[in-house]
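S.K.: Structure for the following, please:
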Amino acid sequence: MAGVPLGLLHSQMEAIQIAQKARPKSGRAASDLKAELPPTLGRPFNGKVSEKLLIALLSKSDVYREYEHAFVAGTGLPLKLHAPEMITVIRHARNQENPFCALMAKTSQWCTASYVLQRKVERAAQHAPKTLQCFAGLCETTVPVRVGENVIAFLQTGQILLHRPDRARFDGIARTLKLWNSPVDLKKVEEAWFNTRVLTARQYEALVRLLDISAHQLAACSNALILDSQPQQRPAISKACTFITDHCGDDMSLAAMARIANMSANYFSGKFAEATGMNFVEYVTRTRIEKACALLQNPDLRISEIAFDVGFQSLSQFNRGFKQVSGQCPRDYRDALANT
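M.R.: A predicted model of the protein is given here:
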């Protein structure tokens, strides 16, 4: 990262450390979050989980909130996590937004152009970060949060220049605003544009790389957030969930778990689904895959070892379950970890 100011580099290292907290801190915090969320619709993702619910869990999770705070405080740039295929122009928090962009928001043609640019950068950023520039030369960067083949969300930043502002370029901006019959005060626009933050291409590339690392960490903690997002449960169901977590490598059946919960199988099945938002088999599968994800970080363990260690009866069954939850096969998941 040669060429990056020392203070900026320190903030990057701090943000990386925060991003690496890729597991929720407490079940109660996630439980309270899900209780606050309204019922959501949306195409199923990661098994039977609503895509909108998953994005809500990610955006309110400790790992994202702490990372966002460190990134914004350390770099001075805005950051937003949002769903794919958004239908409104993204507005960053007032204390993050570039003053030039805030002024431009009063111009309807700019809003339309901004929306088109954001959709364009989203389409281009399906597999890797993408940066485009608005008519005034400000960068807009989108980083995909991918689970396997699925893009579940985007991280967005930018609103900076990669070149020093000059009079000739601003004259072109002013002509465009006059053509648009913009109501904004050109003097204020000029002042805001000439005071827009400027980064070198190398500095900005380092920040985008930092966001890409964070996107991988957010994706990695998605299943843990789903498992940890259960509402308050009756003691018998909580006991069953704890047993599943502690003994996920053992054979377990609905009937045996119902006996542990001191319920009939049918009654336990209904109450378990009501409390966790998923049926018994899916919950067990997700718990096993979560343990497998942790074990896959050890390159000395064979994938077949891990499959049987976490409770799957065959390698093909493990591959199927892993892909359903994570969107990719175990080998690809391990390779992605190595490349992050």
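
S.K.: Mind giving me the packing neighbours of the host helix or strand of A168?
M.R.: Element membership of A168, judged by DSSP states H and E, is helix 167-179. Secondary-structure packing of helix 167-179 (3 or more C-beta pairs under 8 Å, 6 or more residues apart in numbering; DSSP states H and E): helix 186-194. From N, CA and C alone the C-beta is placed, and that goes for glycine too.

S.K.: mind exporting the very next helix or strand once past the helix it packs on as CSV, just the C-alpha atoms?
M.R.: Proceeding N to C from helix 186-194, the next assigned helix or strand is helix 201-220, under DSSP H and E. Provided in CSV are the C-alpha atoms of helix 201-220 (Å, rounded to 0.1, in the frame of the first residue of the first chain):
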residue,chain,number,x,y,z
ALA,A,201,-5.9,6.2,-7.4
ARG,A,202,-3.6,4.1,-5.2
GLN,A,203,-5.1,5.4,-2.0
TYR,A,204,-8.6,4.7,-3.3
GLU,A,205,-7.8,1.2,-4.5
ALA,A,206,-6.5,0.4,-1.0
LEU,A,207,-9.8,1.5,0.5
VAL,A,208,-11.8,-0.5,-2.0
ARG,A,209,-9.7,-3.5,-1.2
LEU,A,210,-10.5,-3.0,2.4
LEU,A,211,-14.2,-3.0,1.6
ASP,A,212,-13.8,-6.1,-0.4
ILE,A,213,-12.3,-7.9,2.7
SER,A,214,-15.2,-6.6,4.8
ALA,A,215,-17.7,-7.9,2.2
HIS,A,216,-16.2,-11.4,2.5
GLN,A,217,-16.4,-11.3,6.3
LEU,A,218,-20.1,-10.2,6.2
ALA,A,219,-20.9,-13.1,3.8
ALA,A,220,-19.1,-15.5,6.1
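
S.K.: Any buried residues in helix 201-220, and which?
M.R.: Buried residues in helix 201-220, defined by neighbour count with 16 or more other C-beta atoms under 10 Å: 203-208, 210-220.

S.K.: That helix: how far from the chain's middle?
M.R.: 12 Å (C-alpha atoms, centre = their mean, to the nearest Å).

S.K.: can you pull the contacts of the closest residue to K130 other than its chain neighbours?
M.R.: Once flanking residues are discounted, K130 sits nearest to A124: 4.2 Å by C-beta to C-beta, 6 or more residues apart in numbering. If you count contacts by C-beta atoms under 8 Å, 6 or more residues apart in numbering, A124 has them with K130, L132, T142.

S.K.: Mind putting the residues you listed into TSV with neighbour count?
M.R.: Formatted as TSV, the contacts of A124 follow (neighbours: other C-beta atoms under 10 Å):
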residue	neighbour count
K130	19
L132	16
T142	27
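
S.K.: mind giving me the domain ranges of this protein?
M.R.: 6-223, 233-339 (automatic domain parsing).

S.K.: Can you report how many residues lie near Q324?
M.R.: 16 (other C-beta atoms under 10 Å).

S.K.: ok, now F170?
M.R.: F170 has 17 nearby residues by other C-beta under 10 Å.

S.K.: My read is that it contacts N195, right?
M.R.: No. Counting by C-beta atoms under 8 Å, F170 does not reach N195; the two are 11.9 Å apart.

S.K.: By mean pLDDT, show me the worst of the domains of the chain.
M.R.: For the domains of the chain, mean pLDDT drops lowest on domain 6-223, to a mean of 77.

S.K.: what about that one, distance to the chain center?
M.R.: 11 Å.

S.K.: shouldn't V147 be in contact with F322?
M.R.: No. Using C-beta under 8 Å as the test, V147 is too far from F322 to be in contact (11.5 Å).

S.K.: Those two: which is more packed in?
M.R.: The residue with more neighbours, out of V147 and F322, is F322; 28 against 21, by other C-beta under 10 Å.

S.K.: mind checking how far the more buried one is from E290?
M.R.: 11 Å (C-beta to C-beta, to the nearest Å).

S.K.: I'd like to know how far the residue nearest to K130 sits from S304.
M.R.: For A124, the distance to S304 - C-beta to C-beta - is 39 Å.

S.K.: hang on, T131 in a strand?
M.R.: Yes. Checked against DSSP: H, G, I helix; E, B strand; the rest coil, T131 lies within a strand.

S.K.: List the contacts of it.
M.R.: V121, C139, E140, T141, G158, Y204, V208.

S.K.: so which pair among those is furthest apart in space?
M.R.: Greatest spacing in the contacts of T131, by C-beta to C-beta: V121 and Y204 (14.6 Å).
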